[in-house]
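Engineer: Fold the following for me, if possible:
(2 chains)
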There are 2 protein chains.
Amino acid sequence: MDFSSKLLENAVYEISQLPGIGKRTALRLVLHLLKQPSGQSERLSNALVTLRNNVKFCTSCHNISDVELCEICASPKRDESIVCVVEDIRDVMAIENTGQFKGLYHVLGGKISPMEGVGPQDLKIESLIGKAKQGKIKELIFALSSTMEGDTTNFYIYKQLEGLAISTSTIARGIAVGDELEYADEVTLGRSIMNRIPFEGSLKAN
Amino acid sequence: MDFSSKLLENAVYEISQLPGIGKRTALRLVLHLLKQPSGQSERLSNALVTLRNNVKFCTSCHNISDVELCEICASPKRDESIVCVVEDIRDVMAIENTGQFKGLYHVLGGKISPMEGVGPQDLKIESLIGKAKQGKIKELIFALSSTMEGDTTNFYIYKQLEGLAISTSTIARGIAVGDELEYADEVTLGRSIMNRIPFEGSLKAN
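Structural biologist: Predicted coordinates:
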C-alpha cells in the first residue's frame, strides 16, 4: 500500500501488528479514529500504555489484578483446598461466569509448546508445585484446552505432583448441553460414551 | 464481563469502541499486547496520538497529507483538467494502484446521508464547486460507490455545476474482469448490457 502520509502509514503499521488485524482493517480503524474527537485516540492510547506499564499479577494465582492478592484469592468464601489450573485470565472469567466453582485458580500464562518455544520454566508451574507442597491443596482440576500442548502441560504438572497427597481431575469433555449427537465429532462423542456418568448423578447436576 | 482489574477493563473498553471490535476481540488484543515488550504498546499509542494531533489534509484535494499540497496535486505530471471525485483516501489509493488515472482527485470525506446526519455542508463540496468555477477543470469523474447515498451526492454536485462548461462522467459499472456471467447480479448485468461499448474500444483498453 502506498500512503500519502508517513504519519498515517506509521499508525496503520502499528495497528496491523496486532493479531488478526491486516493492513486494510488497520486503515479502516485509523480512519475511524480520525473522524472521532481527538479525546478518543488519547483515551485509547492512555489506557493501553497505563495498563502495560502498571499491570500487576496476583502473587498467589498470577491472574491480572490491581492489588497484590486478587479478589478471588483474598475471599474468605472460597475453598482454598481446590485449585483449578487454567491457561489465562479468559478461562478464569469463563469459569467464574458459570457460578459453579467455589475454589481458587492458578493461571499458568500459557501451555508447554516446544513448537512455539514455550517450556515449563516460562509458565507459572514452579509456584503451583510450591503451593502444592505446602499441603493446603487437596484437589487440582486441570482445565487446559484438550490439545497436544494442553495434555502435555497437564501431564508435566501431574508428574511433578508425584508423592503428594493431592487428587487430580480434568474437566469433563463431552457433547455440549443442547447439541445434537449426529453433529458431534467422533472423538468427543467417543469420550462422552467412555466417560459416561451414573444417571442419578446427571439428575443432580441440573 | 467481570474483570479482575480496572486497568484491564478500561483498556478493553477503549479498544472495543473501535468499529467491528467486540469485547472478546478487544480482550484478546489487550492480552496480546501484555505479552509483548512494553515498547510495542508505546509505539502503537504514540503513532495514534501523533497522527490524530498532527494530521494534515491537502489544501487542494483534501486527501490526508503531511504537507500543505499533497504529492499528487503538486506533481507537474498530472493533468489538472480532469478531477476524480472520491469518498475517502482508500479510494484514492485503490485508483492510484491501477496506474490508469493521470488526473487529480477531490476527496469529499463522505457521502450525503440524511440517515446518518451528513449533509452537503459536512463534505468538501463547496471547495470542489469553487475549483470548478475557476475554469481549470474540463472533466469531473464521479467515483463514489453506487448506493443511494453515492447517487444522491453525485446528483447534488451535478446540479451545482449547472451553467459551467464541465463534462461529467461516472466510472463504468459492469461485470468484473474474469467473472462469469451466470453468477453476476441482475442489476450489474443489466447495466453492463445497457452501457455496452464498441468492440474496437474494448480491444484498445487491454
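Engineer: What segments of chain A are strands?
Structural biologist: Remark: strands assigned in chain A by DSSP state E are A:56-57, A:64-65, A:79-86, A:103-107, A:139-142, A:167-170.
Engineer: In chain A, what residue lies closest to chain B?
Structural biologist: Minimum separation of chain A from chain B (CB to the nearest CB) falls at residue A:45, amounting to 3.5 Å. Backbone N, C-alpha and C define where each C-beta goes, glycine included.
Engineer: can you pull the contacts of the most centrally placed residue in chain A?
Structural biologist: Geometric centre of chain A, nearest residue: residue A:88, 2.3 Å, by CA atoms, centre = their mean. Applying CB atoms under 8 Å, 6 or more residues apart in numbering or on different chains to residue A:88 gives the contacts A:107-110, B:31.
Engineer: try residue A:13
Structural biologist: Counting by CB under 8 Å, 6+ apart, residue A:13 has contacts A:26, B:47.
Engineer: From what I see, residue A:103 and residue A:82 are in contact.
Structural biologist: Yes. Counting by CB atoms under 8 Å, residue A:103 does reach residue A:82; the two are 3.2 Å apart.
Engineer: follow-up on the earlier one: isn't the residue of chain A closest to chain B right next to residue B:53, touching?
Structural biologist: No. Using CB under 8 Å as the test, residue A:45 is too far from residue B:53 to be in contact (10.6 Å).
Engineer: Comparing these two, which residue is more hemmed in?
Structural biologist: Neighbour totals were compared for residue A:45 and residue B:53, and residue A:45 leads with 22 against 11 (other CB atoms under 10 Å in any protein chain shown).
Engineer: per-residue confidence at the closest residue to that one other than its chain neighbours?
Structural biologist: Nearest residue to residue A:45, sequence neighbours excluded (CB to CB, 6 or more residues apart in numbering or on different chains): residue B:45, at 3.5 Å. Residue B:45 carries a pLDDT value of 95.
Engineer: before we move on, what about residue A:206?
Structural biologist: 50.
Engineer: now, which of the contacts of residue A:88 sits nearest residue B:115?
Structural biologist: residue B:31 (37.0 Å; CB to CB).
Engineer: Next up, the contacts around the closest one.
Structural biologist: Residue B:31 touches A:88-90, counting by CB under 8 Å, 6+ apart.
Engineer: and what of residue A:101?
Structural biologist: Residue A:101 touches A:84, A:95, counting by CB under 8 Å, 6+ apart.
Engineer: Try it again at 6 Å.
Structural biologist: residue A:95 (CB atoms under 6 Å, 6 or more residues apart in numbering or on different chains).
Engineer: any idea how chain A splits into domains?
Structural biologist: A:6-54, A:64-171 (automatic domain parsing).
Engineer: what pLDDT does residue A:8 get?
Structural biologist: The model's pLDDT for residue A:8 equals 94.
Engineer: what do you get for residue A:53?
Structural biologist: Residue A:53 is assigned 91 on the pLDDT scale.
Engineer: before we move on, the earlier item: measure the residue nearest to the centre of chain A to residue A:61 for me?
Structural biologist: 12 Å (CB to CB, to the nearest Å).
Engineer: interface residues of chain A facing chain B?
Structural biologist: A:4-8, A:10-11, A:14, A:18-19, A:29, A:32, A:38, A:41-45, A:47-49, A:51-52, A:63-66, A:70 (CB under 6 Å from any CB of the partner chain).
Engineer: Please enumerate residues in contact with the biggest helix by length in chain A?
Structural biologist: In chain A, with assignment by DSSP state H, the single longest helix is helix A:38-54. Applying CB under 6 Å, 6+ apart, the contact partners of helix A:38-54 are A:33, B:7, B:10-11, B:14, B:38, B:41-42, B:45, B:48-49, B:52.
Engineer: Ranking by neighbours, what's the top pick from those?
Structural biologist: Result: residue B:11 is most packed of those (other CB under 10 Å), 29 neighbours.
Engineer: in chain A, which spans are helices?
Structural biologist: A:6-15, A:23-35, A:38-54, A:71-74, A:89-98, A:125-133, A:148-160, A:186-194, A:199-205.
Engineer: Out of the ones you listed, which is the most enclosed?
Structural biologist: Of all the helices of chain A, helix A:6-15 has the most neighbours on average by mean count of other CB atoms under 10 Å in any protein chain shown, namely a mean of 20.
Engineer: got the angle between it and helix B:23-35?
Structural biologist: 90 degrees (axes from the mean of the first three to the mean of the last three CA atoms, to 10 degrees).
Engineer: Now do helix A:6-15 against helix B:38-54, angle only.
Structural biologist: 150 degrees.
Engineer: For helix A:6-15, list the C-alpha coordinates in CSV.
Structural biologist: The C-alpha coordinates for helix A:6-15 follow below in CSV (Å, rounded to 0.1, in the frame of the first residue of the first chain):
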residue,chain,number,x,y,z
LYS,A,6,4.0,8.9,6.8
LEU,A,7,2.1,9.6,10.0
LEU,A,8,-0.8,7.6,8.6
GLU,A,9,1.4,4.8,7.3
ASN,A,10,3.0,4.5,10.8
ALA,A,11,-0.3,4.3,12.6
VAL,A,12,-1.6,1.7,10.2
TYR,A,13,1.6,-0.3,10.5
GLU,A,14,1.5,-0.3,14.4
ILE,A,15,-2.2,-1.4,14.4
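Engineer: how far off helix B:89-98 does that helix point, in degrees?
Structural biologist: Using the same axes, to 10 degrees: helix A:6-15 against helix B:89-98 is 100 degrees.
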